[in-house]
Every structure is written in structure tokens, then in C-alpha cells.
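Peer 1: Fold the following and give me the result.
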Amino acid sequence: MTFTALHRVAGAAPGPLTNDVLDAAVAAHAEETDDLDWKSQTLPPTKDLQRHDFRKDVAAMANSGGGVIVYGVAEVQKAATIRVDVGELTEAHERTLRSAAVNLITPPVFGLVFHRLESDGKHAVVVEVPASVDVPHLIYRDEYFGAPVRNNADTVWMRERQIEVMYRARFEERRHATEALDALYGEAAAGRDVTKRAWLIAVAHPRIPRVGVRLNRDEARSVLSRAEKLALVYAGRGWIHPLESVDLLNPRPGLRRWVAMNKATGEHSRWKESWVSIHHDGSVTLATAVGGHRRDSNEYYEGWQLMSLAVECAVADLMALVRATAGATGGGEYEVRVGVDWSGEEPLVMFTKDGFGFVERDWSVPLPRWSPVDESVDAAGSDADFYWRVHDLAMDCVNQCGVPNVVMINPPPRDEQVSPA
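Peer 2: Here you go, the predicted model:
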């Protein structure tokens, strides 16, 4: 459920951002605050945005804990007076503004949400800027830079001491994020018999965890179902997906999480054992056996022999879980880690398939120890951008073993739109 500064000043309950919410805020003559900025002028242009205040307004809001910028409301003495028309926001225009927040602000501001509202021919656009842990966000102009911040109704420039404090907060958050990933990874890896077969352990933690709210069973079931569909968009059906080996319809309660239990328990199914959990704070974990997979109806690979397609499916499933969980919990940026645990004497070797579908063994470089792959991803980004992050993460994983390319994860060109499952 959404709850923005507009909901607060309008006295509205959490829910969609609608015309009624905006009209109530205007009728109440709500005043600008740290997290609410009225704009009566037209929308930012599509050209020369480096000279427009849009990037400064977004950076200031992000530096102040997030908020909303409302185009289409006139104000007097910082108080809303009446709605005005700023014109319709096109998809191309929105992409330009998103690009400006990423390319014209350092570090980038991801996860902008645009709400289009129209009443009696008057168009308004509400830009929802998420809270950020990468503060301070800087604005550069030629060789000069500054860090804008909201000061109640005004946007001002930080002084040196303020910038220093924010950098300290960023470094401290990074340390906590690493500790959170370490703890999640340790929990997911605990109890796996890595002397007989290699296990892929994949975990993700939101940069801003959700606090004080719990997913119920139906919500967890919905997230798992959504993830299963997304995983097939990312990787398709060419190997066994970990999500196919867990009980998606009957998640069990765990410590501040829901656990999708392994259902591959038979003598001939144990090779694809998997476990998945969705945490109330937005974190997700996945553990799946990737060594010793079935080669054909009667033979199995050794525990140290990996099939690149199994790793691709696991990465696709993890990222699908991240995307689906973020959609249910309001998450944005995530820290992700993918590792393979193996304690046998033989080095890890990865097989893949060539263009004709035959198993290729010559590419692999024997790997005595897998180095965990860490990545930051924007789970609230566009479908196409996120699909490419799935691809790039899987590439990092298979490249580590000498395999040059992924086989199953094939996103469209970056300028094309992706239809979600």
C-alpha cells in the first residue's frame, strides 16, 4: 500500500495516489514541507535537463529522505491554492526524466514513480522520489558540484559538515548491508551437505528494509506465484528451475519469513533439492543443489560438475523472487549475492550447451573455489532494465568457470519494451 506526503496532508489512508487525494490536499491548502514540493509551471523539458531544476529537485528530495514533487498545483506563500494544467506526460517524456535522474545526478537516483492525474481537463503529474541510502546525491555543473537538500519548503545547498555526516551514514549503511548479506547467506547455506554435491546459495537484501509489517500467507503465496511466472520469462524452460522443486502453494511460517519447502524428496528427485524463503523485511533466499544433476535417465553428473543452465535458472529464479517481493513490499534497491558452496577435493567444473544443443565440456576452467558474486540491483526499475540485470548477473556467474555466454537468458535489445508475465 502506498502512503506519501500527499496522503498525509490530505488525511487519507494508505492506498493508491488518486485525484481525490490530490484534491483533498489542495482543498486543505497544504503547505510545502521537506517531503512535499508544489510546482505550478509546466513539466520539465525533454532537452537540456542539465540546466533545469528537475535534477536539483529530485536530488534534494532524495537527500532529505524521499517525498513527492507535484507538477500541476499553484501555491501562495508555500500553500496550495488551485490545480493547474501542466499537460500530459508521455511515455517517452517519462523515460527522459528517469534517465536524467540516473545520468545527471551522482550517485544516480533510481526508482522514481510517476503518477498521472487528470480532472476536468487539468493534468497533474506527481513524481514520487524514494528514500535513498546513497546520500549525498550531488549535482555537477561544469567543474563545480553541490549537494541540494530540502529545508522545509525550500531547497538549499548542504555545507561541508552536512556532506561529511551524510558520507559517514552511507559508509555505515554499506557495512550493515554487507553484514546483512553475510547473515542471510550463512542461514541459507547452513546444513547443506557440500561434501557430496555443490550447492548454489543466492540471497538478496533490500537497501531499505521494510519494518513493522508482515506478509500473510496469501501474500507470500502470491509473491511465489508471481516469481515462478517471471522466472520463466527470464530463462524459459530448458532446465529445471529451483522454483519448480519447492511447494509454492503452501509456504510455511519461519522466523519473520515464509519458507517454500523442498518437495524433491524421492530417490530419483533428490538431485534437484531446493529451498526458498521470503522475509517480511523484503529479503529473499534461495538454496539449490547444482552439482550432481541428472545427465540422462540413468546417469548423473558428479557432485563437482555443474551445468551452466542450472546456474542460469537459479539466478533467474532469485531475481524473479527479488522483483516479485519488491512489488509486494515496496522495495527498491537490493544487494544481491550468488555463491556456490563445495568442499570436495575436486575443483568445480562447469559444462554448457552449444548452439546445436550438445553438451560442451572444453570451455570450463577448473575452479578450486567459487568467489561470491555481489551486485546492486534496482528492483523497481523498468522491465527491460531489470531483465538485463538478470542477464549480467548470470554472465558473471558462468564466466567465473570459463563459460563465455549464457544460453537461456536472452533479453531483447535494451531500447525495446518487455512484457512482464
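
Peer 1: next one: stretch 376-396 to chain centre, how far?
Peer 2: Centre-to-centre, stretch 376-396 and its host chain are 8 Å apart (C-alpha atoms, centre = their mean, to the nearest Å).

Peer 1: list the buried ones in it?
Peer 2: For stretch 376-396, burial by neighbour count (16 or more other C-beta atoms under 10 Å) applies to 377-381, 383, 385-395. C-beta coordinates here come from the backbone N, C-alpha and C atoms, glycine included.

Peer 1: would you say residue 125 is within a strand?
Peer 2: Yes - Residue 125: assigned to a strand according to DSSP: H, G, I helix; E, B strand; the rest coil.

Peer 1: what sits against it?
Peer 2: 43, 70, 71, 72, 86, 89, 114, 115, 116, 117 (C-beta atoms under 8 Å, 6 or more residues apart in numbering).

Peer 1: related to what we said a few turns ago, tell me which entries of the buried residues of stretch 376-396 lie within helices.
Peer 2: Counting by DSSP state H, the buried residues of stretch 376-396 place 383, 385, 386, 387, 388, 389, 390, 391, 392, 393, 394, 395 in helices.

Peer 1: closest to residue 216 among the residues you listed?
Peer 2: Among those, residue 386 lies closest to residue 216 (C-beta to C-beta), at 25.9 Å.

Peer 1: Surely the closest one is in contact with residue 409?
Peer 2: No - Residue 386 is beyond contact range of residue 409, at 12.0 Å (criterion: C-beta atoms under 8 Å).

Peer 1: Domain-wise, how is the protein divided?
Peer 2: As given by automatic domain parsing, the domain ranges for the chain are 5-158, 173-399.

Peer 1: Mind putting those domains into JSON lines with mean pLDDT and distance to residue 165?
Peer 2: Formatted as JSON lines, the domains of the chain follow (pLDDT from 0 to 100; distance: least, C-beta to C-beta, whole Å):
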{"stretch": "domain 5-158", "mean pLDDT": "92", "distance to residue 165": "9"}
{"stretch": "domain 173-399", "mean pLDDT": "91", "distance to residue 165": "13"}
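
Peer 1: any idea which of those domains is most buried?
Peer 2: domain 173-399 (a mean of 19; mean count of other C-beta atoms under 10 Å).

Peer 1: Any idea how far that domain is from the middle of the chain?
Peer 2: 15 Å.

Peer 1: first vs last residue of it, how far apart are they?
Peer 2: Using C-alpha to C-alpha, to the nearest Å, the gap from the first to the last residue of domain 173-399 comes to 30 Å.

Peer 1: Tell me which other helices or strands the lengthiest helix in the chain touches.
Peer 2: Looking across the chain with DSSP H, the single longest helix is helix 160-189. Under the contact definition 3 or more C-beta pairs under 8 Å, 6 or more residues apart in numbering; DSSP states H and E, helix 160-189 sits against strand 199-206, strand 284-289, strand 333-341.

Peer 1: Which secondary structure elements does the second one sit against?
Peer 2: Using 3+ C-beta pairs under 8 Å, 6+ apart as the contact definition, the elements that strand 284-289 packs against are helix 160-189, strand 199-206, strand 274-279, helix 308-329.

Peer 1: Could you dump those into TSV and include distance to residue 223?
Peer 2: As requested, the helices and strands packed on strand 284-289 are arranged in TSV below (distance: least, C-beta to C-beta, whole Å):
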stretch	distance to residue 223
helix 160-189	17
strand 199-206	13
strand 274-279	6
helix 308-329	5
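
Peer 1: between these, which gets nearest to residue 263?
Peer 2: Judging the helices and strands packed on strand 284-289 by C-beta to C-beta, what sits closest to residue 263 is strand 274-279, at 8.7 Å.

Peer 1: Which residue would you name as the spatial centre of this structure?
Peer 2: residue 379 (1.7 Å; C-alpha atoms, centre = their mean).

Peer 1: which ones are touching the spatially closest residue to that one that is not a sequence neighbour?
Peer 2: Spatial nearest neighbour of residue 379, excluding adjacent residues (C-beta to C-beta, 6 or more residues apart in numbering): residue 326 at 3.5 Å. Neighbour list for residue 326: 206, 282, 332, 334, 379, 380 [criterion: C-beta under 8 Å, 6+ apart].
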